[in-house]
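A.B. asks: Sequence and predicted structure are below.
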Amino acid sequence: MRSRLITVVGVVAASATLALGASACGGNSKGGGDNVTIGFMGDLTGENSGIVIPPKQGAQLAIDQYNATNPKVKITLKTYDSQGKGEQAVPLAKQAITKDKIAGLIGPTFSSESAQADPVLEEGKLPNISSSATNAALATHGWKYWHRLIANDNVQGAGIGEFISNGLKAKKVFIIHDNSEYGKPLGETVKATVEKAGAQTSEDAIDPNGSDFSATVNKVKAFAPDAIFFGGYYSAGGKLIKQLREGGVKARFLSGDGSLDQGLAKGAGGTNADGSIIGCPCLIDPSGTASAASKKFAEDYKAKFHADPAIYSAEGYDAATAFIEAVKAGNTTPEKINDFLTKVDKPGVSKEIKFQSNGEPTATDVYVYEVKGTQLPLLGSAKNATVK
Amino acid sequence: MNTLFSQFWPYTIDGLSLGAIYALVALGYTMVYGVLRLINFAHSEIFMIGTFGVLGALHLFGMPSNVGGFALVGLVLALAVVGGVASGGSAVILEYVAYRPLRRNNASRLAALISAIGASLFLQQLFARLVIPQAFGLPKEKGALPVQGHFVRRTDVIHIGGFELSNDRLIVIVGAVLMMVLLDLFVNRTKLGRGIRATAQDPETAVLMGVNIDRIVTATFALGGAMAGVAAALYMLRFEETKFDVGFLLGIKAFTAAVLGGIGNLRGSLIGGIVLGLIEMYGSAVFGSEWQNVVAFSVLVLVLMFRPTGILGESLQQARA
Amino acid sequence: MNDTTNRNPLTRLRDGYSSFSDSLHDRWATAPRWARWVVYLVLIVVAIILPADGIGSFMSPYTDWPTLLFFPIGGYILLAIGLNVVVGQAGLLDLGYVAFFAIGGYAMAIFGTKMHMDFWEILVVGVLLSAVSGIILGAPTLRLRGDYLAIVTLGFGEIVRIVAQNTDYIGGPNGIGGIPHPPTLTEWTVPDNGFFDAIGLGGVQPFKYGALDGKPYYYLMLLVIVLAIIFSKRLENSRVGRAWASIREDEDAAELMGVPTFKFKLAAFAIGAAIGGAGGVVYASQAVSIIPNNFPFILSATILAAVVLGGSGNLPGVMLGAFLVAWIPERIRGLQEYRVLVFGGVLVLLMVFRPEGLLPSRRRKAELAEGEGGMGGLGAEVGGPVTVAAGEVGE
Amino acid sequence: MSETAAVPVEERTGTPVLELREITMRFGGVVAINGLNLTINEGEIFALIGPNGAGKTTVFNVVTGVYRPTEGQVVFGGSRIDGKKRFQVTKRGVARTFQNVRLFHNMSALENVMVGADAHHRTGLAGAALGLPWHRREERDGRVKARELMEFVGIAHRMEETAKNLPYGDQRRLEIARALATDPKLLLLDEPAAGMNPTEKEELQGLIRRIRDTGRTVLLIEHDMSLIMGISDRIAVLDFGQKIAEGLPAEIQNNQRVIDAYLGVPADAS
Amino acid sequence: MLLEIKDIHVHYGKIAALKGVSVEVDEGEIVTLIGANGAGKTTTLKTISGLRPLTRGSIVFDGKDISKVPGHKRVLMGIGQSPEGRGIFPGMTVVENLLMGAYARRDEVEKDLEEVYDLFPRLAERKDQAGGTMSGGEQQMLAIGRALMTKPKVLLLDEPSMGLAPMLIKQIFEIITEINRRGTTVLLVEQNAQQALQVAHRAYVLETGTVVKSAEAGALLNDPQVRAAYLGGGAEAAAGPTA
């Protein structure tokens, strides 16, 4: 112990002297020349890494494909593991700006960390595109450098709500949310939308870290709804479906992008999740039915990562593409890249890569997916999709 | 409020089955506390290991499906043994690694508590990062996600009007109560049980009776761990899914149940667990599920304000004066 | 059962460290006043140049050093100082300390966004509010014994978090965004030349609180920490500190020597809460947005670990503990997903080899050095086993 | 229980300081003190003796507020103190030591005494934290007082040592100094000579006298008879929670009931 | 020599509780340690049973040095103790308390149980009562009975008369004599010197952690110095009536 303490003290002292001696030769190697670094920030090792790794892989794919064309300016992808936590994202953002001097950032992936890290990115003038932070409030701050390539929760909630009212014609809807900053507002929007369409509603919340949702199940049973909407993530969603079904609730189950994962069906067990509808402002299209670009992306992704594209992989790919386009157009500094982003307009895999002036994407499509076994085939756009 | 009345029996049954699991896990806290006066914070991970032991065994022998009836009872018995061995064994190892050296050094209980917290973090991460991905052939980043194994066919065994009792809940309740009775008999009727009680009541005099305290401590951890393992089997029967941090919330609740009933008191665990389970369910019905934990902790505070040693008071050591 | 003659190399290493820290203690205790002031001065200078890049590149190669210094490092240190009052000085086991951090944080967020109060005003209000909440929690529960107190405080911490989550007025799970930064005190800039540049602080505006530069916040935190140290140290060496120590040592005897124990326990809770609240206010002023999940139970456990790890009751030890607990996981970011695993293991190892903490207070160390054989060791410290109140005073 | 208290007492001391009136103390079914009447006068050294388990320490606990008596009253300086909180009793002027030394073991000897001196201090959180002049004065006074008292009991050379590291006899004396620091009118000493060697006992005897000479009243439990007989003004004997005798040392010494109770009834006596 | 304590030193922290105590107990004897509170009597017994570590000196039992043997093994070797304050397990019944005495043994206990009931018929009557609810005298009997259940070669008794009524004290000491008569060596710690000296063969007087006197019990019984220490008052008291 003692020697260790001394080592620490010694090293601190040494580095202090070094800093003193080395004087002002500080300036790190500039990003310019023949290499630009783009960052990716999100929960890469934490509990929710399952929905962060796909967009990271999507971005990686885009950049690798670009670098493979032997361009004049190559792009490196640098990852920042925020564990989804604001207090870790903030110093990482500062590190990215001041030390690593990256030119653009994909992420942060979650809304709560974005709320803390985005002001830093804004002041640091670092253009950032989130592939999955859907909280509506993020767009209200007048940030110039902030963008996202995913429609927000209001858009999503309204889309799903419309689908419940029009596509399913449900009259009694039970809303359950996980009391998170994502699930609750989403649930509220869905609730407001279906109520406007004349449906009767009731709601309850679950603790996603708990395991016994029977109190909620009993409430649902008492209400006897036609449809149940769950605002929350799939790990809790699966358990919830399972317990609902075991409790004898047969109403159709719906959820948002947080539940768009095979884990939902696995957690629900057997065929419990079959027929559930998941809405998402994102496009997951492993079979490539949506477009040729989507088909190619699915194939490339599979070839590289030996897995189907998952949630937000296309958005991650598109976010990287936005930066790639900027670099291609000869922009290598953050400022210039950001300027370019205001006017970028390119068809992407998931949607048109084009931003409104507040940073929101212009595309507002919400897609619905139906759970079949452990697959989540695309059903179509929430506006016009129907189920049997 | 209306829901509570219209769904009274389901809430009650669910509360009982939840409480039964709390109670079994609470035993581990209460026993270790009774003997060492230590909050074994890592007990929640002992439970977690039990759930993975059970799940692992199911996988190993090929996941059965749709087991019901008496076959299910038999399967659960076998799984309870597996869980008990896994949890009991790891509890003994935990004691040996994380607590025994501290006891030898006459460390403070606070130090032991920190060691427990460290062990708890370590075990959680060990499973999330290494054990789960390895054991279930998952990519590393999926280790932190829930793992399932569906094997139960749920049927209602009793169905009278609004009163429905499904087979899994019945087994959970009966199984937990049975284990509590067995443990109670063990502690009260056997020699080792006597040794445990003696050590809890007066360790110094116990030494004068020729009791090897180290052995008693090991036995205490083994028994408490085994109970958590059985609880894990029942939990898997009921929920069929587990996760690296499955023990965290459940552990806190179980500890709350132990304190509610009177920590150190085996029967208090049962009472505390059942009371807590019911209160959580009824509270959710009345206030909404988002208040479930607030209701639980508020009741704890209220009970302790008026009965500072819990519902039954402490008993493994019983008032010493 | 305490074989004193057994001396394996490990024990010897441990004893070596002990005597080393002992001699430090001694030298400090006997040092003349001026020497102490010199040390204080040096420490403050070191603290001021700490965020310099040169140091940062070693201390934190993966993430922004000044921000790290602000939080978690500075934040944990402040919280540990506060919790040390409760746990280390008064001997009350509090597992829900994060609640007060949350109350301070929410005070900053609510008063800052809804009432547009100034950071400095909120600091005062937030501290008072936290102190009051400490009293509200303490009044009904402080009669409970140690471990019951622990679980009740744990419950309190969770209640605060969940209530925040369920209350729409304060944003529910969304928390509160757009929290204002402290107003800029002065645009004064550290001269961009010679010495300051050499230590990497040239061009810093230490009193301008923007989003990007972590250093001003660090200096703010440093100021609060220094105040908290002075505060806590003064209390420790006063009637109040003596009362706390006497309560921790022997509550019944203390009461019989005229110490109003309940009042002082309540005071300890209030002071601890106030310091935690100050931490919350400062943290929220930098974070821009806070959500209930910024205040999980594990943070309480971590701060407690910091206090015990460093040496419960001894301020420098506690601060060292907090520093390590905050810094190690960031420094070993290279280990990626294994870093919490390693951290947990390190915690166990440190407790196994040095249960009294890295820099134990002299009092506590003596307390821990000898238990009464057998089970005594895991016997009485915080809270202690049933002091059947009077039974022991009596026959 | 007045039939046994009939021994006439020489009134050479002042007015009553402490009166126990018909005190009964039950624990569950066990009666630890039964209808005890006791009057202690100002300025005297009063000894309470009796075999182990006779209820002597229980008397101390009743007087100092540790127990609330099941029945009866405790009157100190003219007003009732039964039912008062323990620290309030101390503030009114009753201080005690313990049968098994109960120092604050890990605090320095001086600090131990200062805790006692703090009983009459008023510094609160703010005063201490801001270092207000009031607080500084109290702190200085407390320190001076503690030093004086440590000199008074004869352990001035031990000030900075940790209490638990003091030799046993010094710990006993430190406990007395700590109790004196609360400025008691009445000092209760619970077996102060236990564990002392003859020389120390001799010194202790002198110390108790000097305490009395400063105008304080001393109530004492002790087993060491030579000490008791040497310094007590009056003695009361307790057996099974009842007072079996009260009087001057010489009277007690020759009381057959006392001898039986105290030495133990020899096997051949019945 | 059955039990030989050689110059043992015991410390609580830095304080010496025993500063070189030497005591010898021969087979078949009753030896008593007397002395004031805090003299170190109880510490001596606890050290013999292994509850307190030695800092110096040694304890030899039955020819073997047991200074380093853990406490629970010493019980098996034949050291039984009825501890200070009786140490009854309050939550256990009388039978359970007694069976605790036989905890370390593997042989039949029924016979020994009968023997204890024979010595203390009162315990037989109260078999199923919780230990904590018994009167002081009954608890003392239980403590001694329980110690006997360990089948001790030497029985250590710590203040068996503490807090008991004279009638009971008399009874307890008669039983001690009886136990000794049946072949168990007894080491007795007492404050009730008179009683102790009457049943003991030899006695040691302890004062502040050291032995200040040792002699035949009878000799000490009439020793004015011992008398003085216990009833005080100087010569005239010593010359007073021997009760």
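C.D. replies: Thanks, I have the structure now.

A.B. asks: okay, the residue of the stretch 101-250 of chain D found nearest chain E: pLDDT?
C.D. replies: Closest residue of the stretch 101-250 of chain D to chain E, CB to the nearest CB: D:M225 (2.3 Å). All C-beta atoms are positioned from the backbone trio N, CA, C, and that covers glycine. pLDDT recorded at D:M225 is 77.

A.B. asks: Also C:A369?
C.D. replies: C:A369 carries a pLDDT value of 40.

A.B. asks: Equivalent analysis for E:G91, please.
C.D. replies: At E:G91, pLDDT is 84.

A.B. asks: The stretch 51-200 of chain B against chain C: which residues are in contact?
C.D. replies: B:97-98, B:101-115, B:117-126, B:129, B:140-141, B:199 (CB under 8 Å from any CB of the partner chain).

A.B. asks: Report the separation between the closest residue to chain B within chain E and E:G71.
C.D. replies: Nearest to chain B in chain E, going by CB to the nearest CB, is E:A104, at a distance of 2.8 Å. Remark: distance between E:A104 and E:G71 (CB to CB, to the nearest Å) = 11 Å.

A.B. asks: can you check C:M319 too?
C.D. replies: Per CB to CB, C:M319 is found 41 Å from E:G71.

A.B. asks: more crowded one of these two?
C.D. replies: More crowded of C:M319 and E:G71, by other CB atoms under 10 Å in any protein chain shown: E:G71, with 27 against 24.

A.B. asks: my guess is the more buried one meets B:V207, correct?
C.D. replies: Yes - between E:G71 and B:V207 there is a contact under CB atoms under 8 Å: 4.1 Å.

A.B. asks: picking that back up, now do the same contact list for the residue nearest to the residue of chain E closest to chain B when sequence neighbours are not counted.
C.D. replies: Nearest residue to E:A104 in three dimensions, chain neighbours excluded: B:G210, at 2.8 Å (CB to CB, 6 or more residues apart in numbering or on different chains). B:G210 makes contact with E:H72, E:K73, E:V75, E:L76, E:Y103, E:A104, E:R105, E:T150, according to CB atoms under 8 Å, 6 or more residues apart in numbering or on different chains.

A.B. asks: and what of D:V31?
C.D. replies: Going by CB under 8 Å, 6+ apart, D:V31 touches D:T24, D:M25, D:G241.

A.B. asks: Among the residues you listed, pick out the one closest to A:A158, please.
C.D. replies: Nearest to A:A158 out of the contacts of D:V31 is D:M25 (CB to CB; 75.6 Å).

A.B. asks: Leaving out the residues flanking it, which one is nearest to B:A116?
C.D. replies: Closest to B:A116 by CB to CB, 6+ apart is B:F41, at 3.6 Å.

A.B. asks: So which bits of stretch D:166-184 are buried?
C.D. replies: Using 16 or more other CB atoms under 10 Å in any protein chain shown as the test for burial, stretch D:166-184 gives D:166-184.

A.B. asks: State the mean pLDDT of that stretch.
C.D. replies: Averaging pLDDT along stretch D:166-184 yields 91.

A.B. asks: follow-up on the earlier one: the residue of the stretch 101-250 of chain D closest to chain E: how many residues sit nearby?
C.D. replies: Neighbour tally, D:M225, other CB under 10 Å: 23.

A.B. asks: Please apply the same query to E:K213.
C.D. replies: E:K213: 17 neighbours (other CB under 10 Å).

A.B. asks: and the host helix or strand of it, how far from the chain's centre?
C.D. replies: According to DSSP states H and E, E:K213 maps onto strand E:210-216. Taking CA atoms, centre = their mean, to the nearest Å, one finds the center of strand E:210-216 at 17 Å from the center of the full chain.

A.B. asks: Then stretch A:238-246?
C.D. replies: When distances are taken as CA atoms, centre = their mean, stretch A:238-246 is centred 25 Å away from the chain's centroid.

A.B. asks: Any part of it near chain B?
C.D. replies: Yes - against chain B, stretch A:238-246 shows contacts by CB under 8 Å from any CB at A:G238, A:K239, A:K242, A:E246.

A.B. asks: Just the mean pLDDT for that stretch, thanks.
C.D. replies: 93.

A.B. asks: before we move on, what about stretch E:46-61?
C.D. replies: Mean predicted confidence for stretch E:46-61 is 91.

A.B. asks: show me what contacts the residue of chain E closest to chain B?
C.D. replies: Applying CB under 8 Å, 6+ apart, the residues contacting E:A104 are B:M209, B:G210, B:V211, E:H72, E:V75, E:L76, E:T150.

A.B. asks: Swap in 7 Å and give it another go.
C.D. replies: Counting by CB atoms under 7 Å, 6 or more residues apart in numbering or on different chains, E:A104 touches B:G210, E:H72, E:V75, E:L76.

A.B. asks: about what we covered before: now the common contact residues for E:G71 and B:V207.
C.D. replies: Taking CB under 7 Å, 6+ apart as the contact rule, E:G71 and B:V207 both touch E:L51.

A.B. asks: what residue ranges in chain D score low on pLDDT?
C.D. replies: Residue ranges of chain D with pLDDT under 70: D:1-13, D:195, D:261-270.
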